[in-house]
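K.L.:
Have a look at this fold, sequence not included:
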């Protein structure tokens, strides 16, 4: 799945540009949010700050980051599903998928993101209120919140794929995801774990290379500086800065591949026959690498096969519905 997902992202490289735009929007939002928080603290006395207002500011901060990330994830899922349920080549699937994400699926993206943002803000408040008297209670609360947040994050990844594939609401997609986990839950965990490791390692390698380049630049410009602190500190500072930049950029781009892997898994569990008919070469690659995938067949407990046009081109709309001749528009 990882190899096939990488090939899909290489074909539809617009998904990577969207993920990079997410970084730009995050930077802009940090500036805007920081300005808002600063104004609040300026006009409010230090002893009269409202914990509820601070909580809302934290929710807004985390919510925006989650929405931006999930826009990229849902768009990539839509592109992957368009490729999966179509036999056409060289068609534009990125913009239609982005349009659906920002219109019909945007409410679902915001709602699922709000759940995670609420838990993140609550965890930040608990951590800020932690002291020697309630340290044990705070640790237990933080542990529970962290576990719940991790489960919701894992669940949302698959729910957003159902939103992208079928155009369903978040609640309906959540029900479909529960059915998927009921039949393929353990396989989903294994798939997620196996695909995450190369992505994490790739991000670390990219960060290390960027850090090495940063150190080389620092040494080239400041290696002969008469000031010992600058001579030693500047290359290290640039190395750290380069590592963080490389880690963030590589992680953002490789997360797109991970999104494609998750959507491929969902599509394959829902309708393996579609991949066998539309992309037989990729189907053989998957079943040869994962023989257990060959035993997955469409049955009464799973979604029916997707209906496609006779020309195999669905213009990025792969929703399985009987409306409008088999398509929901």
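P.N.:
Received, thanks. In this text, all values refer to a predicted model and were calculated from it rather than measured experimentally. Residues are numbered from 1 along each chain as shown.

K.L.:
mind listing the helices in the stretch 201-329 of the chain by residue range?
P.N.:
Assigned by DSSP state H, counting those that start in this stretch, the helices in the stretch 201-329 of the chain fall at 228-270, 272-278, 280-289.

K.L.:
Of the ones you listed, which is nearest residue 104?
P.N.:
The closest of the helices of the stretch 201-329 of the chain to residue 104 is helix 228-270. By C-beta to C-beta, the value is 16.8 Å. C-beta: built from backbone N, CA, C; applies to glycine.

K.L.:
quick one: that closest one to chain centroid distance?
P.N.:
Centroid separation for helix 228-270 versus its chain: 13 Å, with C-alpha atoms, centre = their mean, to the nearest Å.

K.L.:
Tell me what angle it forms with helix 280-289.
P.N.:
100 degrees (axes from the mean of the first three to the mean of the last three C-alpha atoms, to 10 degrees).

K.L.:
what sits up against stretch 38-47?
P.N.:
With contact meaning C-beta atoms under 8 Å, 6 or more residues apart in numbering, stretch 38-47 is reached by 49, 50, 53, 57.

K.L.:
what distance separates that stretch from the centre of its chain?
P.N.:
35 Å.

K.L.:
Do me a favour and get the end-to-end distance for it?
P.N.:
Stretch 38-47 has its terminal residues 16 Å apart, counting by C-alpha to C-alpha, to the nearest Å.

K.L.:
Quick one: which of the contacts of stretch 38-47 is the most crowded by neighbours?
P.N.:
Taking other C-beta atoms under 10 Å as the neighbour criterion, residue 57 ranks highest of the contacts of stretch 38-47 with 17 neighbours.

K.L.:
sec struct for that one, please.
P.N.:
Following DSSP: H, G, I helix; E, B strand; the rest coil, we place residue 57 in the helix state.

K.L.:
Find me the pLDDT at it, would you?
P.N.:
At residue 57, the model reports a pLDDT of 92.

K.L.:
Helix, strand or coil: sort out the residue nearest in space to the middle of the chain for me.
P.N.:
A centroid search over the chain (C-alpha atoms, centre = their mean) returns residue 73, at 4.3 Å, as the residue closest to the centre. Three-state assignment for residue 73 (three-state DSSP): helix.

K.L.:
Look up how far residue 258 lies from it.
P.N.:
To residue 258, residue 73 is 9 Å away according to C-beta to C-beta, to the nearest Å.

K.L.:
quick one: contacts for the nearest residue to residue 247 once chain neighbours are set aside?
P.N.:
Spatial nearest neighbour of residue 247, excluding adjacent residues (C-beta to C-beta, 6 or more residues apart in numbering): residue 207 at 3.4 Å. Listed by C-beta under 8 Å, 6+ apart, the contact set of residue 207 reads 242, 243, 244, 246, 247, 250.
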